[in-house]
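Chemist: Quick one, structure for this:
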Amino acid sequence: MRTKGEQTTKAKEKASKPHYDTEELKQRALLEIKKHNLYFTDDVVAYLGISKQTYHNHGLDEVDAIKNALHENRVKEKLSLRKKFSQSESAPERIFLYKLLASQEEKEQLQTESNVKVTGLEELLKKLSNIEIE
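Modeler: As a prediction, this is how the structure comes out:
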């Protein structure tokens, strides 16, 4: 049996924990997602100032409106990046876009060509290392 002091301490601990209204958290989450263009659940948790456990305990990870808002932000950003890459003069960005858009067969072909180049270089280096210098 607990003493009166232990009961008081437990009651204070329980009272000191913040109580969150699930609907209010949901609305705040949607507002933060839109306001700060958030992409991930961890970002939402940080902006709400709650723990990940609280986020899950209130079922916010299952709210379709939140999941859809995050997904929409990610899709918009991907489209924006693809547009930027397609208009870029930078070779690495253009190559990245090509790899992103390539079919599986094209990706395999690119990988094979890269392996051949690396293998050929390795063989050349081995031959060069065996040459005796007088």
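
Chemist: And stretch 36-47, end to end?
Modeler: 9 Å (Cα to Cα, to the nearest Å).

Chemist: List the buried residues for it?
Modeler: Residues of stretch 36-47 classed as buried: 38-39, 41, 43-45, 47 (neighbour count, 16 or more other Cβ atoms under 10 Å). (Each C-beta comes from the backbone N, C-alpha and C, glycine too.)

Chemist: quick one, what contacts D42?
Modeler: Applying Cβ atoms under 8 Å, 6 or more residues apart in numbering to D42 gives the contacts K52.

Chemist: average pLDDT for the helix or strand hosting it?
Modeler: When elements are defined using DSSP states H and E, D42 is found to belong to helix 41-48. For helix 41-48, mean pLDDT rounds to 97.

Chemist: can you give me how far that helix is from the chain middle?
Modeler: Helix 41-48 has its C-alpha centroid displaced from the chain centroid by 12 Å (Cα atoms, centre = their mean, to the nearest Å).

Chemist: same thing with stretch 97-104?
Modeler: So, by Cα atoms, centre = their mean, the centroid of stretch 97-104 is 20 Å from its chain's centroid.
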